Each structure stands twice: as C-alpha cells, then as structure tokens.
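A.B. asks: Sequence first, then the predicted structure:
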Amino acid sequence: MVQSLNTKSDLVIQGTSHLGLTDYGKIMIGDKGFEFYDDRDVSNYIQIPWTEVKQVVVSVMFGGKWIPRYAIQTKKNGMFTFSSKDPKRVLRAIRVYVKPEDIVKSLTFFQVVRRAFKRNPKK
C-alpha cells in the first residue's frame, strides 16, 4: 500500500488523471500536497508536494461557468492534467496552499493561433 504524503486531508473527491491513458480514481488535497490514487491499480498514483507546484493552469469555458480540466505544473516534472466532479471545490481547496497569483487561466484556441501569427509574421 502507498504511504500518503498528507497528514490531514482537506478534500477527497472523485477525479480523473489525463496522464497518458485516462485513469479514474480519487483526488486528495491535504496539508502537504496534491495526491491522485487510481481506483483499479494501487501502484498507479501521483503525489505532488506543495513546494514543487509552480502553477495551476485552469481551462475555463463559457465565462467561468464550466471548468472541464485543470493542470498542475511542477518545477521539475512537467505538467499533470486532472478533471473532477466539482472542479471549483478542488480549486478553492488548492488556493489555500498555492498563491492565488499562481492559479492562472489557460489560453483559448484562438489566443494560441493569434499568438503564433504575431510572433512569426513572415511564415
């Protein structure tokens, strides 16, 4: 069995990890970090300490009415993408441990395309 990173859990909720193939499991937010545990495979888990979190990138649609997914960007290991039943509750729990200025909104498709044309007008 996996030893939990947290000593106290603030929120445990059903969630999905989008790392490689989609894995369904539980997301646990606690005093030491963000954790994801797969329902089917005990050895498949993700533990991210709060000290390793660089940014939380949130995909927002319809003016904040719907949040389909959010990603946690770490300092060393890249980006981990998750979705959950109630993403607003998860992000409020994360905001306790991550500075609010480090929780950012992701770019839309059209913003990415516009940025590509502004950088390289010759292409």
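C.D. replies: On my side now, so go ahead.
A.B. asks: how about the nearest residue to Val57, chain neighbours excluded?
C.D. replies: In this structure, Val57 finds its nearest non-sequential neighbour in Ala71, 4.5 Å apart by C-beta to C-beta, 6 or more residues apart in numbering. (Glycine included, C-beta is placed from N, CA and C.)
A.B. asks: correct me, but that neighbour touches Gly78?
C.D. replies: No - at 9.6 Å, Ala71 does not count as touching Gly78 under the criterion of C-beta atoms under 8 Å.
A.B. asks: quick one, which of those two is more surrounded?
C.D. replies: Ala71 (17 against 10; other C-beta atoms under 10 Å).
A.B. asks: looking at this, the more buried one is in a helix?
C.D. replies: No - applying DSSP: H, G, I helix; E, B strand; the rest coil, one finds Ala71 to be strand, outside a helix.
A.B. asks: Name all residues that make contact with it.
C.D. replies: Contact partners of Ala71, counting by C-beta atoms under 8 Å, 6 or more residues apart in numbering, are Val56, Val57, Val58, Ser59, Met79, Phe80, Thr81, Phe82, Ser106.
A.B. asks: Noted, bye for now.
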